[in-house]
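K.L.:
Give me a 3D structure for the following:
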Amino acid sequence: MDRETRVFAESHFRGLRGRLPSEVCPTPDRVDFIEKPDSFSYTDFFKSYLLPNVPCVFSSAFTEDWGSRKHWVTPSGKPDFDYLLQNYGDVVVPVANCGVQEYNSNPKEHMPLKDYISYWKEFIQRDYSSPRGCLYLKDWHLCRYSSAEGLFTLPVYFSSDWLNEYWDTLDVDDYRFIYMGPAGTWSPFHADIFRSFSWSVNICGRKKWFFFPPGQEEALRDCHGGLPYDVTAPEFLDSHLHPVLEVTQEAGEMVFVPSGWHHQVHNLVIMKSCSGINFEEFYQFLKVIAERRLLLVKKISPGELQCSEDSGLGLQHTIFDISRIAEVLASVVVNPDFQRVDTSRFLPQPEDLLQQLQEALATTEPL
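P.N.:
I've put the predicted structure just below:
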């Protein structure tokens, strides 16, 4: 991020204060398709999609060099089961039953990948049915292991990723998932953890997305305030509460899912590569990212103000992150529920960390 982009971003956020999500996320009438990587910069994405908080789709040209697209797919465009079995057949993977509702999700079991692929082949042979139900390999953390090296290259547009940065420092978890499944598998209506943004790439196959911008989901709540499990169910279609946006994602394409957008996803044939937390955990999350940004801002010299986009976050993006963390933390420390939390063992104290962030902002070059 360069200085001009940070000035633009700070001005954007100042204009949002006190406004509701539904007021700041106008519903677009279509989802933009980004065709050429060479003519689309990080700044283009940041200004046109990340800040306005609207979805977009990147063409397959953005992922054509990924190892997974080269090795996991046959020349005819189907999953290469032989390659997957040879390299990951004995790996135990999580599998959800799409035909069974468990609250607003599906029950899961674990099995070796070779058993799931055997089921998958049988499911296709039985004309896309099975007495075992419709099973969907979901939330496989393959990227934790060295065998995942070379499968994908992190797009520069998503290089600022607080959640994975936090979990990577703890080395216990991550939010990088692989999904695999035959036609008919799907993910129920939901919004992503912390209302964060996410992105999803189809290695092969096609999928249908149903998008609702922030606030639109309120019209779908039942008399108990609960959100629907399936927005394509007849009762929703009959009531004309249609999704605002529908997107069909083709092989190799990359979808950007903005913050707070509820969505539901159906696989038309797919292999995809991609909140429960208390105040104490949330503070630890903010603290880790804050301390890393405070350390980084001390290391970057003024001469690096115009650093290239591929050299890391750079000074301007670091300062921008610090300003966002400070604003979030300031709202947390005055929250009545947070004030009932015993913070005596927190190091540093939340108020002290907030002061450090504010001092860092005061000592950097002004907007």
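K.L.:
Would you mind pulling the contact partners of stretch 321-340?
P.N.:
Identification of contacts with stretch 321-340 by C-beta atoms under 8 Å, 6 or more residues apart in numbering yields 10, 13, 160, 162, 279, 282-283, 286, 289-290, 293-294, 297, 313, 350-351, 353-354, 357-358, 360-361. Any C-beta I mention is one placed from the backbone N, CA and C, and that applies to glycine too.
K.L.:
and it, C-alpha only, in PDB?
P.N.:
Extracted C-alpha coordinates of stretch 321-340, given in PDB (Å, rounded to 0.1, in the frame of the first residue of the first chain):
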ATOM      1  CA  ASP A 321      -3.500  -1.700  10.200                       C
ATOM      2  CA  ILE A 322      -2.400   0.000  13.400                       C
ATOM      3  CA  SER A 323      -5.200   2.600  13.000                       C
ATOM      4  CA  ARG A 324      -7.800  -0.100  12.400                       C
ATOM      5  CA  ILE A 325      -6.600  -2.200  15.400                       C
ATOM      6  CA  ALA A 326      -6.700   0.900  17.600                       C
ATOM      7  CA  GLU A 327     -10.200   1.700  16.600                       C
ATOM      8  CA  VAL A 328     -11.400  -1.900  17.300                       C
ATOM      9  CA  LEU A 329      -9.500  -2.100  20.600                       C
ATOM     10  CA  ALA A 330     -10.900   1.300  21.700                       C
ATOM     11  CA  SER A 331     -14.500   0.000  21.200                       C
ATOM     12  CA  VAL A 332     -13.600  -3.200  23.100                       C
ATOM     13  CA  VAL A 333     -12.200  -1.600  26.200                       C
ATOM     14  CA  VAL A 334     -15.400   0.500  26.700                       C
ATOM     15  CA  ASN A 335     -17.700  -2.500  26.100                       C
ATOM     16  CA  PRO A 336     -19.700  -3.200  29.300                       C
ATOM     17  CA  ASP A 337     -19.300  -7.000  28.900                       C
ATOM     18  CA  PHE A 338     -15.500  -6.700  28.400                       C
ATOM     19  CA  GLN A 339     -15.300  -4.500  31.500                       C
ATOM     20  CA  ARG A 340     -16.600  -7.400  33.500                       C
END
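K.L.:
I'd like the mean pLDDT over it, please.
P.N.:
Averaged across stretch 321-340, pLDDT comes to 90.
K.L.:
Could you do stretch 72-82 as well?
P.N.:
The pLDDT scores in stretch 72-82 average 94.
K.L.:
tell me which residues of it are tucked away?
P.N.:
Neighbour counts using 16 or more other C-beta atoms under 10 Å place 72-73, 79-81 of stretch 72-82 among the buried residues.
K.L.:
Do you have the strands of the stretch 51-200 of the chain handy? List them.
P.N.:
Listed in chain order, the strands of the stretch 51-200 of the chain (DSSP state E, counting those that start in this stretch) span 56-58, 92-97, 108-112, 135-140, 178-181, 186-190, 198-212.
K.L.:
Mean neighbour count, those strands: which tops it?
P.N.:
Stretch with highest mean neighbour count among the strands of the stretch 51-200 of the chain: strand 178-181 (a mean of 25; mean count of other C-beta atoms under 10 Å).
K.L.:
Mind listing the strands that one pairs with, and their directions?
P.N.:
Strand pairing for strand 178-181, using DSSP bridges, gives strand 135-140 (antiparallel), strand 262-273 (antiparallel).
K.L.:
nearest to K108, of the buried residues of stretch 72-82?
P.N.:
Ranked by distance to K108 (C-beta to C-beta), the buried residues of stretch 72-82 are led by P79 at 21.0 Å.
K.L.:
isn't there a strand covering V255?
P.N.:
Yes. When DSSP: H, G, I helix; E, B strand; the rest coil is applied, V255 is found to be in a strand.
K.L.:
That one is in contact with K208, isn't it?
P.N.:
No. Using C-beta atoms under 8 Å, V255 is not in contact with K208; the gap is 11.1 Å.
K.L.:
Low-confidence bits of the stretch 1-150 of the chain, can you list those?
P.N.:
20-26, 146-147 (pLDDT under 70).
K.L.:
That'll do, ta.
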